[in-house]
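Peer 1: here is a sequence together with a model predicted from it:
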Amino acid sequence: MSAFGIGGTNVHVVVEEAPSIPRPESEVDRTHLLVISARSGSALEQACGNLAEHISRHPQERLGDIAHTLQVGRRAFSHRATLLCRDSDEAAAALAAGKIRISHSRRKDPPVVFMFPGQGTQYSEMGRGLYDQEPEFRRHFDACAELLKPLLHADLREVLYPRGDHCDKGAAERQILATVIAQPALFAVEYATARLWMDWGVQPAAMVGHSIGEFVAATLAGVMSLADALSVVAERGRLMQSLPGGAMLAVRLPAGDMEALIAPPLAIAAVNSPALRVVAGPHDAIDELAERLGVRGVMARRLHTSHAFHSPMMDPIVESLADYLRAVTLSAPRLPYVSTVTGDWTDDAHATSPESWARQAREPVRFAAAMASLPADRWPVLLEVGPGNALATLALQARRGSDSLVLGSLPDAARPVPDRDFMLDSLGQLWIDGVSPSWRSLHGGAVARVPLPSYPFQRRRHWIDPPSRTDSTILPSRAVATSQAATAAPETHSVVPQDPMPAIGAKVAAIFEDLSGESLADMPAAASFLEMGFDSLFLNQVAQRIQAEFQVKIAFRQLLGDCSTIPLIGRFPCGAITFCKTGVSGGIAA
């Protein structure tokens, strides 16, 4: 407010300025998602080049403002490109070099299915990057942690996200493997991740949950309140923890062969795909089965579980769990989801039955049947909402050959990718596939719109020229036809077709086809083995075959990293490959 005099009278003027836009504390190490689109491929290429030049010429502009302007200030056309970057220099270099994801949008607002994984995928600090950087995730995770405090007699935040230089990370890893902690922790992370996706504008049209993940789906569908769901999950984990320990073994074997190998006390605990089953039972029986399978050359892997879930070893707790559930209010689902107990869409009777929810801990998980209930033509986009890619890999196996988009939300324990980067990358792929995010929620309002290059119109001349008078116009019609035929006759050359795939790559492809029983002819050359739907158990089997045939040392982890595609393997002369042996992890159970 200021004052000045007019004719001896003081006049007070109130000057109101526009409020300044709040800025985040720092953009250092914060990744941004740039989205560019155009009506044609050539226009998209020019738009990327124009943006690269603009960023180079205006280094003072905040990358967050540029990303925000591209997201909310531009119409989305069918030819699309995305780029994850941390600073302007990185963005300009990547755009100029064409190091961006480019695709043609195939759909408009396709329905998205949320998939929630089960026990065995958890690890210490899963989702910590989102907890530290995304207020929406943190808000929902904190709500779960507060509700779980009196139930677990512990603060889940201190267990899952230990802080301080003197924290015992080994102890934290051991705690997260215990069922009594693992199941509530998975629920909280998956629920908070789902809420973050929904805040970003990615709404589920349907859901499916693998064992404990089904409780997250039911909560989002309104079958249980959040408080009731957490109390049931905590009680379920406590009851399971009280049982004698057991083991679970993932086995790659067709149904008939598998059933001939097992007998009580072993049981099929999960049918995850036509050739991938999980067997559960006492430790000694599982050890004996693993030894027999090894003799036969059948690939098998122990899962990170403390008990034999979804097997007869769960029978003692079923009635106690049903009694607990009878005190819980169960409602009809307001959002459709597929049950992995029945392998079909959940109806009101099943959703509101305490006995059905209690039996869920005992009955085998029918994930393969659940995938069959989600046909690719009606449900083209599947999004795993939780740690790792276990369900995404199974879904890719079920949908091999379709144009489905299958994505994850968080990395697994073995991939050192920042949580937020991983989720932003999936958001970019969803946008490329036609999903319309809520871009304003992505930034939380701490951005401004800035001037950027306009649309690069591809100017084309449409004037119709008059026909030119040539000698051919006065030739007889037969002469014209002869002249045209002579002109049109192409000059032929003998061309010897060249096979672009090196000999080693072709042999490796043959190994994949022999072991999987499926042709790779229709697979893109750049597709990774995970994108093809091959799980770690299968890749372990491939690694053993490669070692035997090429006499080289290669671990399946290398097939997820430096040699994750057929061409990458084929570029190396077989005598020069030497890889370190690494351990095996992963899998889902309860």
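Peer 2: Thanks, I have the structure now. Numbering: from 1, shown residues only.

Peer 1: what's near enough to touch the residue sitting nearest the centre point of the chain?
Peer 2: For the chain, G408 is the residue whose C-alpha lies nearest the centre (Cα atoms, centre = their mean; 1.0 Å). With Cβ atoms under 8 Å, 6 or more residues apart in numbering as the criterion, the residues that contact G408 are L383, E384, G388, N389, A392, F422, S426. All C-beta atoms are positioned from the backbone trio N, CA, C, and that covers glycine.

Peer 1: by neighbours, which of those wins?
Peer 2: Scoring the contacts of G408 on neighbours with other Cβ atoms under 10 Å, the highest-scoring entry is E384 at 29 neighbours.

Peer 1: that residue and T121 touch, don't they?
Peer 2: No. Counting by Cβ atoms under 8 Å, no contact exists between E384 and T121, whose distance comes to 9.3 Å.

Peer 1: overlap in contacts, these two.
Peer 2: Common neighbours of E384 and T121, counting by Cβ under 8 Å, 6+ apart, are A390.

Peer 1: which helix runs longest in the protein?
Peer 2: The helix spanning the most residues in the chain, taking DSSP state H as the definition, is helix 179-199.

Peer 1: next one: it to chain centre, how far?
Peer 2: Taking the mean of its C-alpha atoms, helix 179-199 sits 15 Å from the chain's own mean (Cα atoms, centre = their mean, to the nearest Å).

Peer 1: buried stuff in the helix or strand following that helix?
Peer 2: Going down the chain from helix 179-199, the next helix or strand is strand 204-209, by DSSP states H and E. Residues of strand 204-209 classed as buried by neighbour count (16 or more other Cβ atoms under 10 Å): P204, A206, M207, V208, G209.

Peer 1: packing partners of strand 204-209?
Peer 2: Applying 3 or more Cβ pairs under 8 Å, 6 or more residues apart in numbering; DSSP states H and E, one finds that strand 204-209 makes contact with strand 112-116, helix 179-199, helix 213-220, strand 337-338.

Peer 1: which stretch among the ones you listed comes nearest R252?
Peer 2: strand 112-116 (20.9 Å; Cβ to Cβ).

Peer 1: for the helix or strand following the closest one, buried residues please.
Peer 2: Along the chain past strand 112-116, the next helix or strand (assigned with DSSP H and E) turns out to be helix 128-133. Neighbour counts using 16+ other Cβ under 10 Å place R128, G129, L130, Y131, Q133 of helix 128-133 among the buried residues.

Peer 1: who are the packing partners of helix 128-133?
Peer 2: Under the contact criterion of 3+ Cβ pairs under 8 Å, 6+ apart, the helices and strands touching helix 128-133 comprise helix 135-152, helix 179-199, helix 419-432.

Peer 1: below-threshold pLDDT in the chain: ranges please.
Peer 2: Counting by pLDDT under 70, the chain shows low-confidence ranges at 1-29, 165-167, 169, 460-463, 465-502, 514, 516-519, 521-526, 556-557, 570-590.

Peer 1: show me the strands in it, by range?
Peer 2: Under the criterion DSSP state E, strands of the chain are mapped to 2-6, 9-13, 32-38, 79-85, 101-104, 112-116, 204-209, 247-252, 267-273, 276-281, 300-302, 337-338, 381-384, 405-407.

Peer 1: contacting residues for P135?
Peer 2: Neighbouring residues of P135 by Cβ under 8 Å, 6+ apart: G444.
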